[in-house]
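**Q** Sequence first, then the predicted structure, then my questions.
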Amino acid sequence: MITQVEMREAEVLRLPAAERALLVQALVASLDEDASVEEAWAAEVDRRIAQIESGEVQLIPGSEALAKLKAKFA
């Protein structure tokens, strides 16, 4: 016998990848009962964006960052 969860899973898997990703984000967020965590992350994101926009920090390509990490920890 198919369970309700299995039925929902089958429905969700028919959605486009982008819609599934949005659903995953919403489901994970629903598990977090502490709204202050979300607020803290939002504030951190705003702070980092401001640092980038002001020129306080410089972005580097991901491949360069990975190469530096590998060199440091390899």
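**A** Received the coordinates, thanks. Numbering: from 1, shown residues only.

**Q** For this structure, which residues score under the pLDDT cut-off?
**A** Low-confidence segments of the chain (pLDDT under 70): none present.

**Q** Grab the longest helix from it for me.
**A** Using DSSP state H, we find that the single longest helix of the chain is helix 35-54.

**Q** Just after that one, pick out the following helix or strand.
**A** helix 62-73 (DSSP states H and E).

**Q** Output that following helix as CSV, nothing but the C-alphas.
**A** Output of helix 62-73 as CSV, limited to C-alpha atoms (Å, rounded to 0.1, in the frame of the first residue of the first chain):
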residue,chain,number,x,y,z
GLY,A,62,35.4,30.0,-6.7
SER,A,63,38.1,28.1,-8.5
GLU,A,64,40.7,30.5,-7.0
ALA,A,65,39.3,30.1,-3.5
LEU,A,66,39.4,26.3,-3.8
ALA,A,67,42.9,26.4,-5.0
LYS,A,68,44.0,28.5,-2.0
LEU,A,69,42.2,26.1,0.4
LYS,A,70,43.8,23.1,-1.2
ALA,A,71,47.3,24.7,-1.0
LYS,A,72,46.8,25.6,2.6
PHE,A,73,45.3,22.2,3.8
